[in-house]
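In: With the input below, show me the fold.
(chains A, B and C)
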Amino acid sequence: MSTSTAPDARTKPVQRPGDRVFFGLSYGAALLILLTLAGVAIFLTVEGIPGITASPDEVKSGERFLPYVGPLVFGTLLAAVIAMIIAVPVAIGVALFISHYAPRRLGATFGYIIDLLAAVPSVVYGAWGIAFLAGQMVPIYQWLEDNLGFIPLFAGPASATGRTIFTVAIVLALMILPIVTAICREIFLQTPRLHQEAALALGATRWEMARLAIFPYARSGIVSAAMLGLGRALGETMAVAMVLSASGVVTFNLISPTNPSTIAANIALSFPEASGLSVNALIASGLVLFVITFVVNFAARAIVDRRKEFSGAN
Amino acid sequence: MTSTIEPTRPPRRRDVLDDLESRKLPTSAARIVVGIALAVVVLGVVGGLGPAKSVVLGWLVTFALPLWSRVVEGSRKATDRLVTLLVCSAFGLALIPLASIVWTVVSKGAPILGSQFFTYSMRNVVGEGGGIYHALVGTLLITGAATVISVPIGLFTSIYLVEYGEGKRMASAIRFLVDVMTGIPSIVAGLFAYALFVLFFGEGVRMGIGGSVALSVLMIPVVVRACEEMLKLVPNELREAAFALGVPKWRTISKVVVPTALAGIVTGITLAIARVIGETAPLLIVAGYTDSVNFNLFDGRMATLPVFAYSSIRNPGVPPEFALDRAWGAALVLLLIVMLLNLIARLVSYLFSPKGEK
Amino acid sequence: MAKSIDVSDLDIFYGDFLAVEGVTIPIAARSVTAFIGPSGCGKSTFLRSLNRMHEVIPGARVDGKVLIDGEDLYGSDMDPVNVRRMIGMVFQRPNPFPTMSIYDNVLAGQKLNSKRMKKAESDEIVERSLRSAGLWAEVKDRLNRPGSGLSGGQQQRLCIARAISVQPEVLLMDEPCSALDPISTSIIEDLIHELKTEYTIVIVTHNMQQAARVSDETAFFNLSGVGKPGKLVEVGRTEKIFSNPEDPATEAYIQGRFG
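Out: Numbering: from 1, shown residues only, chains lettered A, B, ... in the order given. Take a look at the predicted model:
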């Protein structure tokens, strides 16, 4: 319905005071969200710029901003990407299980159970990561070093505590699993029934039906789910801060005791004791993180929205 | 079909069935293989292999099913069975850490829960004793204030989106930005609140209300999305019925649309609270931590449960056991609160959906 | 109570799209006027323009005059909200408010506008409206139960009670029986007969027999072609339209040759 026609003075409804106030409140609230998002960008920039321009001897790290934040960006991306690589296939499997394999009546219940993973606070993930997962991973890392040590990823020496970037990635994968699963599940359930039944009627097995009717329809949705998961993993703080034994290096070695840190974990660890320009440097690194996650989420949402336009015909 | 049809006899149904059934595993095949796998697991545990290795071994045994199928049924069905196995395994794989987390937290946190744990703060406590009273108070105050900030903003924004924004560019922009806002890392929200408060109170500011602002940044988009979904579910016919009675739009929204969607809105808000009550990073940044009880959101540091758990693990002191016990206790209490909120949300949506629709 | 409506040369637009063109029709007070015609001919759109309900859709507007007892419905000092208080409406599907009891549903027009009333007064309005809607005997013992627990026909009568409890001048009905079974339909048709002694009733119906049964005047709407606006073909006494229409298209429609 086009709203472009010039409003006729006669059909312009009389505005009652109640309506005007109510509309004002609603519009104001919506506007406030715009302002908040702009505020996040502006305040981080204003407080961050002194940190970016600070000279090395003014901040605790003793480095210029770029060399300081570079390894952190690397660590952030590394942990998040590995987490995504672990989480996405599992999430697709779980989503397919809930939407098409599990008995119909139990599907919703299984969905709730997976959603419980999202309800666990990150500090609990962190505590569990230290107390349980890290210890379990030690022999596996030892085995990887002994048998696959020729691959740079597993060059070792294997960490004796298990608090490596790989352990962190597993925890992150768990944390993003529910959201990726939920989105995939939603899309799988939206697959047109007729397409599925057509495939089955042609004699396809269940897997062939999934491959022919579900995945082509769901592809862009899965991509954006993966990217939203990536966005979450990039920004996750506490689990990383608690589990990782970080030393700010740049390395692809996933199982050694020296690991790259992430932006978020570095802020959480350094902020409580930071002062002066170091605080500004941390805020500036937060700005970098904000920009990265913003771009990732923006791209993911753009894919979703484009998909919506195309799926209208169904 | 390869069988020739003789003109003197009608097509033999039995042959066709044979053809369909001949290359098939018995229907109990899956049960047999799973049974063997379970037996392997039990034997492994009994035989001292350890639970983890036994489960992996049992899991490997289940791959016999697609292999068997490959021999009997051919590759198409074997692939199908393999995928079914993998899909079910994925679900099982997701359950293991959930069970492990719950077990770890409950077994380590339960012993310390007692009246002292809930009624004492950490003021002047060294070593054993003390409790989470101060953190509990802080968590409730900060989250409560965040809810008070977020709910009106979130609800009115969703009202704008659903009731006023139809087809407007502003509405689609807001919708998009809300989605983007959902993805703001919690630590960035904390930094934002800090940077905002620094402008007014100077460097190094720590304040409970700052934590509420940070949590609101995380909570508002969740509230908006939930309320928007619920308002959209209200049938247009009800709005028209109210309009036709000569009820102005704002009264229609506040007295018909919102009450009809109320159960869903309360559910959404409860889930949003559950989401932010466990946040640690922003509170660590802007609310800080203290050992004492602080009832004033506008004055100084304020302890919260997640930050308490974090700092107890981070700086346990000597000897570390007591602080670690308290950390697990706090983690358990936090987990219970979050689960309880989730349960309440489900109950509300189940019990209070509009009359007649149950 | 009960006012006449005089429509002259009314065009209805959705944005740039002309939906209904050039309608001129007098509607007498205390009578039943039925609008018939094939789907998409604009009869419902026109009905909604009589209480300005079409304005709920963004971009909708009208050109022309609608006079109610000589007062311009679209005059610059007219508030659509007040127009709708004066001209009630019943919809295609029964739509009682699910959060309200039967009692509150009948009083919805007053309650939603926060009108203060004494208990005795509101009791009286509820009883009178439900009696007029022929529902009193069936629900008088369960006025505090939710309205959505009633059957479809009862719900529709509840909606009629709700519409007449604010004592409108005119009652518009948009295919009020299309979602109902034959028995409920017949009850509502009887009700329409009784209501016309007090109200001006305009009813849109898809069912020609229903128009013949309930109405005094019948107006036939038609489309001149695909994508073209709907228009009023002819209006007259119901007996005349059904026995001896002027326009060949009306005759064709009445005899079931299209539509």
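In: Spell out which parts of the stretch 1-150 of chain C neighbour chain B.
Out: C:51, C:53, C:56, C:58, C:81-86, C:88-89, C:91, C:93, C:95-99, C:108-109, C:111-114, C:146-149 (CB under 8 Å from any CB of the partner chain). Where you see a C-beta, it was placed from the backbone N, CA and C, and this is true even at glycine.
In: Buried ones only from those residues, please, as a PyMOL command.
Out: This is how PyMOL selects the buried members of those, with burial counted by 16 or more other CB atoms under 10 Å in any protein chain shown:
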select buried, chain C and resi 51+53+56+81+83+84+85+86+88+89+91+93+95+96+97+98+99+108+109+111+112+113+146+147+148+149
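In: What are the phi and psi values at residue C:247?
Out: phi -90, psi 140 (degrees, to the nearest 10).
In: list the contacts for residue B:212?
Out: B:142-143, B:145-146, B:149, B:297 (CB atoms under 8 Å, 6 or more residues apart in numbering or on different chains).
In: And residue C:181, by the same measure?
Out: Residues in contact with residue C:181, defined by CB under 8 Å, 6+ apart, are C:152-153.
In: quick one: it from chain A, how far?
Out: 31 Å (CB to the nearest CB, to the nearest Å).
In: So which residue is dead centre in chain B?
Out: Residue closest to the mean C-alpha point of chain B, counted by CA atoms, centre = their mean, is residue B:275 at 7.1 Å.
In: got a list of what that one touches?
Out: Neighbouring residues of residue B:275 by CB under 8 Å, 6+ apart: A:118-119, B:218-219, B:222.
In: could you dump the contacts of residue B:212 to a markdown table with distance to residue B:55, neighbour count and secondary structure?
Out: Shown next, in a markdown table, are those (distance: CB to CB, whole Å; neighbours: other CB atoms under 10 Å in any protein chain shown; DSSP: H, G, I helix; E, B strand; the rest coil):
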| residue | distance to residue B:55 | neighbour count | secondary structure |
| --- | --- | --- | --- |
| B:142 | 41 | 30 | helix |
| B:143 | 39 | 24 | helix |
| B:145 | 46 | 19 | helix |
| B:146 | 42 | 26 | helix |
| B:149 | 47 | 18 | helix |
| B:297 | 48 | 19 | coil |
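In: Buried residues in whichever strand or helix holds residue A:42, which are they?
Out: Assigned by DSSP states H and E, residue A:42 belongs to helix A:17-53. By neighbour count on 16+ other CB under 10 Å, the buried set for helix A:17-53 is A:19, A:22-23, A:25-27, A:29-30, A:32-34, A:36-37, A:40, A:43-44, A:47-48, A:50-52.
In: Any chance you could note which residues of the stretch 151-259 of chain C sit beside chain B?
Out: Close to chain B, as judged by CB under 8 Å from any CB, the stretch 151-259 of chain C has residues C:159, C:162-163, C:166.
In: List only buried entries from the residues you listed.
Out: Looks like these have C:159, C:162-163, C:166 buried, using 16+ other CB under 10 Å.
In: Point to the residue nearest the middle of chain A.
Out: Geometric middle of chain A (CA atoms, centre = their mean) lands on residue A:232, at 2.0 Å.
In: Please name the nearest non-neighbouring residue to that residue.
Out: Excluding its sequence neighbours, the residue lying closest to residue A:232 (CB to CB, 6 or more residues apart in numbering or on different chains) is residue A:176, at 4.8 Å.
In: before we move on, what about residue C:66?
Out: Residue C:66 sits nearest to residue C:73 (CB to CB, 6+ apart), 4.1 Å away.
In: Residue A:142 too?
Out: residue A:158 is the one closest to residue A:142 (CB to CB, 6+ apart), at 4.7 Å.
In: Report whether the expected contact of the one you found with residue A:253 is present.
Out: No: counting by CB atoms under 8 Å, residue A:158 sits too far from residue A:253 to count as a contact (10.1 Å).
In: interface residues of chain B facing chain C?
Out: B:166-167, B:235, B:237-248, B:251-252, B:255-256, B:259-260, B:262, B:354-357.
In: re the thing from before, which of the residues of the stretch 1-150 of chain C next to chain B come close to chain A?
Out: Counting by CB under 8 Å from any CB, the members of the residues of the stretch 1-150 of chain C next to chain B near chain A are C:58, C:81.
In: looking at this, residue C:63 is in a strand?
Out: Yes: under DSSP: H, G, I helix; E, B strand; the rest coil, residue C:63 sits within a strand.
In: Mind jotting down where the strands sit in the stretch 151-259 of chain C?
Out: Taking DSSP state E, counting those that start in this stretch as the test, the strands found in the stretch 151-259 of chain C are C:170-174, C:200-204, C:217-223, C:230-237.
In: Quick check: which of those strands is nearest to chain A?
Out: Smallest distance to chain A across these (CB to the nearest CB): 17.7 Å, for strand C:230-237.
In: and that closest one, which residues are buried?
Out: Neighbour count says strand C:230-237 has C:230-236 buried, by 16+ other CB under 10 Å.
In: on that earlier part again, ok now whatever helix or strand comes next after the helix holding residue A:42, how far from the chain's centre?
Out: Using DSSP H and E, the helix or strand that directly follows helix A:17-53 along the chain is helix A:65-96. Here helix A:65-96 is found 8 Å from its chain centre; the criterion is CA atoms, centre = their mean, to the nearest Å.
In: any idea where the helices of the chain begin and end?
Out: By default, I'm working from chain A. Ranges of helices in chain A, per DSSP state H, are A:17-53, A:65-96, A:104-119, A:122-128, A:134-148, A:165-190, A:193-201, A:206-209, A:215-235, A:238-243, A:263-270, A:277-311.
In: Wait, chain C was what I had in mind.
Out: C:43-49, C:80-86, C:102-106, C:108-111, C:119-132, C:136-139, C:152-165, C:182-195, C:208-214, C:238-243, C:248-254.
In: Adding mean pLDDT, write those helices out as CSV.
Out: Shown next, in CSV, are the helices of chain C (pLDDT from 0 to 100):
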stretch, mean pLDDT
helix C:43-49, 89
helix C:80-86, 87
helix C:102-106, 93
helix C:108-111, 89
helix C:119-132, 91
helix C:136-139, 90
helix C:152-165, 91
helix C:182-195, 88
helix C:208-214, 90
helix C:238-243, 90
helix C:248-254, 89
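In: looking at the ones you listed, which is closest to residue B:180?
Out: Proximity to residue B:180, assessed across these by CB to CB, is greatest for helix C:80-86 (37.5 Å).
In: Now do the residue in the stretch 151-300 of chain A that chain B sits nearest to against chain C, distance only.
Out: In the stretch 151-300 of chain A, the residue that lies nearest chain B is residue A:235 (2.3 Å; CB to the nearest CB). Taking CB to the nearest CB as the measure, residue A:235 falls 38 Å from chain C.
In: wait, that residue sits on residue B:185?
Out: Yes: counting by CB under 8 Å, residue A:235 touches residue B:185, with 2.3 Å between them.
In: which residues are common contacts for these two?
Out: A:264, A:289, A:293.
In: just to revisit the earlier point, touching, the residue nearest to the centre of chain A and residue A:179? I think so.
Out: Yes: here residue A:232 reaches residue A:179: they are 6.2 Å apart, a contact under CB under 8 Å.
In: what about residue 248, neighbour count?
Out: The chain I'm using is chain A. Each residue near residue A:248 was counted by other CB atoms under 10 Å in any protein chain shown, and the total is 17.
In: oops, chain C please
Out: 9.
In: got it, and residue B:178?
Out: 24.
In: Okay, residue B:322 and residue C:132: tell me how far apart.
Out: Going from residue B:322 to residue C:132 by CB to CB, to the nearest Å gives 77 Å.
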